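A.B. asks: Below is the structure, and that's it, no one-letter string:
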């Protein structure tokens with residue numbers, strides 16, 4: 001395993017920021033690390049990178065224990081923190097050459113130019129870092145994390161501040177790194193999790209509440225099922241479906257009606273009969289699986305049985 005946490009805890013005074021969490025991540029995984037604000041995500045990431053000491057437990061990076069003063073673990077990690085600290089008075093290429101010297105990279109110029117190209121930073125490379133937009137500053141932070149070609153990437157909100165085109169570019173870059181690296185990243189963009197992750201960990205109040213392959217997440221929660229009903233007419237009266245026991249109208253978008261009902265029940269026959277009785281022609285009827293956002297909300301707000 002590239003990263004292994006065993007019963008890791010961290011407190012700040014009376015506040016338990018991380019409470020006895022254990023998990024491991026292997027090469028080739030893109031792990032989405034999720035949780036509400038203050039759940040302990042950034043604290044955990046800082047402990048993995050060695051920037052913050054744990055109170056209890058153990059962390060191993062590529063077989064080396066993360067301990068105070070142990071630099072063997074840091075050389076295996078590329079870290080982009082949420083704050084993304086940069087030297088604003090340096091030019092982009094100048095800053096990256098400085099980071100290359102810190103990592104003692106031999107002949108770094110080819111590596112720098114390759115990463116500038118793959119992150120779309122070539123045209124900005126002769127500007128002061130402080131004059132860049134937030135999105136381009138994020139790219140500079142990502143390049144410095146990748147510069148020494150680490151086996152493990154720890155990315156805390158890596159796409160913060162990027163526009164839609166930049167988001168696509170960075171997502172593609174992160175996905176392209178999957179085969180050779182272990183990637184752990186936190187994000188608040190649930191579509192990003194579904195697009196990139198092979199596995200998801202959710203923590204809440206410092207405790208691990210889910211650790212599943214992304215396709216298994218929806219099995220963790222119970223509650224209500226959603227159904228998409230598409231008709232040929234926009235003049236249907238959706239409220240009539242609420243006469244069917246347990247069925248509620250979620251929303252209406254033109255001729256498309258989203259209905260919900262208790263999980264375990266199946267009112268599709270009654271819904272079909274209601275449409276026939278009212279002369280509404282059905283184009284499509286589809287049960288919808290829970291997306292990551294729904295699962296996240298239930299696990300961190302309402303609990304497993306919400």
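C.D. replies: Thanks, I have it. It should be emphasised that the depicted structure is a prediction, and the values quoted were computed from it without experimental measurement.
A.B. asks: ok now stretch 77-94, how far from the chain's centre?
C.D. replies: 21 Å (C-alpha atoms, centre = their mean, to the nearest Å).
A.B. asks: I would like the residues contacting stretch 238-254, please.
C.D. replies: Under the criterion C-beta atoms under 8 Å, 6 or more residues apart in numbering, residues 226, 234, 257-262, 265, 267, 270-271, 274, 278 lie in contact with stretch 238-254. From N, CA and C alone the C-beta is placed, and that goes for glycine too.
A.B. asks: residues of it that come out buried?
C.D. replies: Neighbour counts using 16 or more other C-beta atoms under 10 Å place 241, 244, 247 of stretch 238-254 among the buried residues.
A.B. asks: Start and end of it, how far apart?
C.D. replies: Stretch 238-254 has an end-to-end distance of 11 Å (C-alpha to C-alpha, to the nearest Å).
A.B. asks: Dihedrals phi and psi, residue 144?
C.D. replies: Torsion angles at residue 144 (phi, psi; degrees, to the nearest 10) stand at phi -60, psi -30.
A.B. asks: Surely it and residue 96 touch.
C.D. replies: Yes. Counting by C-beta atoms under 8 Å, residue 144 does reach residue 96; the two are 6.6 Å apart.
A.B. asks: distance between stretch 226-234 and the chain's centre?
C.D. replies: 31 Å.
A.B. asks: what comes up buried for it?
C.D. replies: In stretch 226-234, counting by 16+ other C-beta under 10 Å, buried: 226, 227, 229, 231.
A.B. asks: can you tell me which of the contacts of stretch 238-254 are in strands?
C.D. replies: 226, 257, 258, 259, 260, 261, 262 (DSSP state E).
A.B. asks: Identify the residues contacting the fifth one.
C.D. replies: Translated: residue 260. Counting by C-beta under 8 Å, 6+ apart, residue 260 makes contact with 224, 225, 226, 227, 247, 248, 250.
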